[in-house]
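Novice: what follows is a predicted protein model with its sequence.
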Amino acid sequence: MSGNPPVVMRLVASAYKVAEKAGAIVRKVLHSGELGIVEKTGANDLQTMADRLAQQSICESLSRHFPKITIIGEEDLPPEKVQEDLIETGQAEEILQRSCPDEFKEVKEEELVVWVDPLDGTKEYTEGLLDNVTVLIGIAYGGRAIAGVINQPFYNYQLGAEATLGRTIWGILGLGAFGFKLQEVPEDRRIVTTTRSHSNKVVTDCVNAMEPHDVIRVGGAGNKIIQLIEGKASAYVFASPGCKKWDTCAPEVILHAVGGKLTDMYGKPYCYHADVKHMNSAGVLAALRNHEYYVSRVPPSVLQALKND
Ligand code: AMP
Ligand code: MG
Ligand code: MG
């Protein structure tokens, strides 16, 4: 491509490298053995040194390169100078070479909103369930999640030293999603994936209402979307207001780019404008195929319970 690629492509190319750097930080903190765990709202809502450093790295690297974008990160951090060794300046050449979908060619830097979950699955990270962990960078335009990057820092960790550790999945609406092999659960099997550490009666009632053949309980919103696109699960069902916009923005794009759908429990899409409330109050319902079936199975009592939150 001649000339300067559109800002959407440049931002995704940077986010790819920045997510890789954040993944490396997440691994390094684990190996240091000093997790620096802090409870945010309680024992099931944790922050570690990895969450803090990865967010500093992502937000500072992107805002230096793209000073006009709005960046919203999960962690509430005091303003302080970010160490230079946390800054990533690279861009993925492979992404810069791709052509930008027409509808995003004229988008301006100041119209983009970036939602950052520096470490999704913190609870599992502290418990050694390392493949549940992801770094999520989602990009929204006009309130719609349009591009996303997911880094999985410990992908392959159980295979030992021979295997390459970590991977990065990325996608843009209208272009596709890359960095994994798309697989589907056979049509006649309904496998539901849901939370392992934030469950309650409403969450469980809703999972059961789907009449699943099997239920997988794992950590992380990013991890659960990876299960959907790699043929491990058919639907992600979470009837709780616990997920936030930074949990769903990037995963939603990857799923949508391969023909799936992520909505609230009513089947309504979420909006990602800079000023929306952070909580996904009406829950998360996502599927690669047959999303409407899962929406139709949500019991009225579950919808009522979510309304009261
Ligand atoms: P889980 O499936 O439990 O790993 O949750 C997916 C994402 O939503 C993670 O980032 C969790 O931290 C977040 N989350 C879900 N429920 C809650 C909750 N009750 N309190 C705080 N965070 C939550
Ligand atoms: Mg998260
Ligand atoms: Mg997080």
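Specialist: Sure, I can see it. Numbers count the residues shown, from 1 in each chain. Ligands and ions are numbered 1, 2, ... in the order given.
Novice: now the helices for this protein?
Specialist: 7-32, 49-65, 93-96, 122-126, 201-209, 221-229, 245-257, 291-297, 300-307 (DSSP state H).
Novice: check whether the longest one contacts ligand 2.
Specialist: When you say that, I think you mean helix 7-32. No: Helix 7-32 lies apart from ligand 2 when judged by CB under 5 Å from the ion; the minimum separation is 12.7 Å. Every C-beta, even on glycine, is put in place using the N, C-alpha and C of the backbone.
Novice: kindly reformat the helices of the chain as TSV containing distance to ligand 3.
Specialist: Formatted as TSV, the helices of the chain follow (distance: least, CB to the ion, whole Å):
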stretch	distance to ligand 3
helix 7-32	11
helix 49-65	6
helix 93-96	24
helix 122-126	5
helix 201-209	19
helix 221-229	9
helix 245-257	7
helix 291-297	25
helix 300-307	22
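Novice: put together CSV for those helices, with distance to Val192 on each row.
Specialist: As requested, those are exported to CSV (distance: least, CB to CB, whole Å):
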stretch, distance to Val192
helix 7-32, 28
helix 49-65, 28
helix 93-96, 33
helix 122-126, 18
helix 201-209, 5
helix 221-229, 10
helix 245-257, 15
helix 291-297, 8
helix 300-307, 14
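Novice: any chance of CSV for these, columns mean neighbour count?
Specialist: Listed next are the helices of the chain as CSV, based on neighbours: other CB atoms under 10 Å:
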stretch, mean neighbour count
helix 7-32, 23
helix 49-65, 22
helix 93-96, 15
helix 122-126, 21
helix 201-209, 18
helix 221-229, 27
helix 245-257, 28
helix 291-297, 16
helix 300-307, 15
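Novice: any chance of the ones you listed in a markdown table, with mean pLDDT and distance to ligand 1 too?
Specialist: Shown next, in a markdown table, are the helices of the chain (pLDDT from 0 to 100; distance: least, CB to the nearest ligand atom, whole Å):
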| stretch | mean pLDDT | distance to ligand 1 |
| --- | --- | --- |
| helix 7-32 | 98 | 14 |
| helix 49-65 | 98 | 10 |
| helix 93-96 | 98 | 26 |
| helix 122-126 | 97 | 6 |
| helix 201-209 | 98 | 9 |
| helix 221-229 | 98 | 4 |
| helix 245-257 | 98 | 4 |
| helix 291-297 | 98 | 16 |
| helix 300-307 | 94 | 13 |
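Novice: so which of these is nearest Leu182?
Specialist: Comparing these against Leu182 with CB to CB, the closest turns out to be helix 221-229 (5.9 Å).
Novice: off-centre distance for that closest one?
Specialist: 9 Å (CA atoms, centre = their mean, to the nearest Å).
Novice: restrict it to CA atoms and write it as PDB.
Specialist: C-alpha atoms of helix 221-229 as PDB (Å, rounded to 0.1, in the frame of the first residue of the first chain):
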ATOM      1  CA  ALA A 221     -14.100 -13.100  29.200                       C
ATOM      2  CA  GLY A 222     -11.400 -13.200  26.500                       C
ATOM      3  CA  ASN A 223     -10.700 -16.900  27.200                       C
ATOM      4  CA  LYS A 224     -14.400 -17.800  26.900                       C
ATOM      5  CA  ILE A 225     -14.600 -16.100  23.500                       C
ATOM      6  CA  ILE A 226     -11.500 -18.000  22.400                       C
ATOM      7  CA  GLN A 227     -13.400 -21.200  23.400                       C
ATOM      8  CA  LEU A 228     -16.300 -20.200  21.100                       C
ATOM      9  CA  ILE A 229     -14.100 -19.600  18.100                       C
END
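Novice: can you list contacts of it?
Specialist: Residues from elsewhere that reach helix 221-229 (CB atoms under 8 Å, 6 or more residues apart in numbering): 117, 120-121, 131-136, 150, 152, 169, 177, 180, 182-183, 193-194, 216, 218, 233-236, 243, 247-248, 250-252, 254-255, 258, 260, 262, 284, 286-288.
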